[in-house]
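Enquirer: here is my input; please provide its structure:
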Amino acid sequence: QVQLVESGGGLVQAGGSLRLSCAASGRTSSRNVMGWFRQAPGKEREFVAGIRWTGGIAYYADSVKGRFTISRDVAQNTVNLQMNSLKVDDTGVYYCAAGRAMVVSRTPSLWDYWGQGTQVTVSS
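Expert: Predicted coordinates for the structure are as follows:
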């Protein structure tokens with residue numbers, strides 16, 4: 001099992017920035033990809049960004065490309081999401097995820113481990 005703990009959510013005005021972090025522990029040798037998903041009230045969970053742990057290749061949803069940056073810290077076993085130019089539509093619960101698969105999937109059900117989530121609220 002891999003345990004994931006998110007931090008860094010909060011309330012910010014539109015145009016502002018937030019940085020989310022996710023610390024992984026446990027059987028992390030089985031983890032090949034990590035990523036972030038979000039879920040707004042009444043909506044399905046959606047892919048935001050993902051990264052391959054080996055090599056650090058990153059992938060983004062079109063809605064956040066150019067505004068969000070995902071990165072990993074191999075020594076600290078963490079994955080971060082820097083969110084700039086935030087919009088009201090970015091509001092939601094952000095979940096950290098880890099997977100045993102070798103590819104970054106945009107489908108939530110294909111990920112194996114999930115954090116508890118952290119709330120991000122962007123006000124107008």
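Enquirer: hey, let's count contacts and neighbours off CA atoms from now on
Expert: Fine.
Enquirer: which of the three states applies to the spatially most central residue of the chain?
Expert: Geometric centre of the chain, nearest residue: Trp36, 1.9 Å, by C-alpha atoms, centre = their mean. Under DSSP: H, G, I helix; E, B strand; the rest coil, the three-state class of Trp36 is strand.
Enquirer: what's opposite it in the beta bridge?
Expert: Ala49, Cys96 (DSSP bridges).
Enquirer: tally up the residues packed near the closest residue to Gln13 other than its chain neighbours, please.
Expert: Closest residue in space to Gln13, ignoring its immediate chain neighbours: Ser123 at 4.7 Å, by C-alpha to C-alpha, 6 or more residues apart in numbering. Neighbouring residues of Ser123 were enumerated by other C-alpha atoms under 10 Å; the total is 16.
Enquirer: residues in contact with Ser123?
Expert: Neighbouring residues of Ser123 by C-alpha atoms under 8 Å, 6 or more residues apart in numbering: 11-14, 87-88.
Enquirer: please consider this matter closed, and thank you.
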